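**Student:** quick one, fold the following:
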Amino acid sequence: YQMPETTINMVDALRGQQAQLRRLLAQKVLIGDAPKTTLSEMQAEVTELQRLLAELEGAIQDQLQRGHK
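**Tutor:** Now for the predicted structure:
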């Protein structure tokens, strides 16, 4: 079975996002030096990422439960 190009791109995109987040986490010094307003903005972005990840996870789970091939 060969995965369609779009499926591979979706997996690669998620891996890229994960790598980007790991790089951000490695910058703890920058986070420590960030002003409170920046930290608040970052918190809002993280909250939105969590919401989107939960939505994506739900869509994937729906397909898995349908026995999607």
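
**Student:** next up, the contacts around residue 21.
**Tutor:** Neighbouring residues of residue 21 by CB atoms under 8 Å, 6 or more residues apart in numbering: there are none. (Each C-beta comes from the backbone N, C-alpha and C, glycine too.)

**Student:** just want the most central residue of this protein.
**Tutor:** Among the residues of the chain, the one closest to the centroid is residue 17, at 5.5 Å (CA atoms, centre = their mean).

**Student:** and that residue, what does it touch?
**Tutor:** Contacts of residue 17 (CB under 8 Å, 6+ apart): none.

**Student:** let's see 10 Å
**Tutor:** 49, 53 (CB atoms under 10 Å, 6 or more residues apart in numbering).

**Student:** for it, report the pLDDT, please.
**Tutor:** Here the pLDDT value assigned to residue 17 is 95.

**Student:** same check on residue 8?
**Tutor:** On the pLDDT scale, residue 8 gets 76.

**Student:** what of residue 55?
**Tutor:** 97.

**Student:** off-centre distance for the strand or helix carrying it?
**Tutor:** Secondary structure assignment for residue 55, by DSSP states H and E: helix 36-65. The chain centre lies 7 Å from the centre of helix 36-65; the measure is CA atoms, centre = their mean, to the nearest Å.

**Student:** show me what it is packed up against.
**Tutor:** Helices and strands touching helix 36-65, as assessed by 3 or more CB pairs under 10 Å, 6 or more residues apart in numbering; DSSP states H and E, comprise helix 5-26, helix 28-33.
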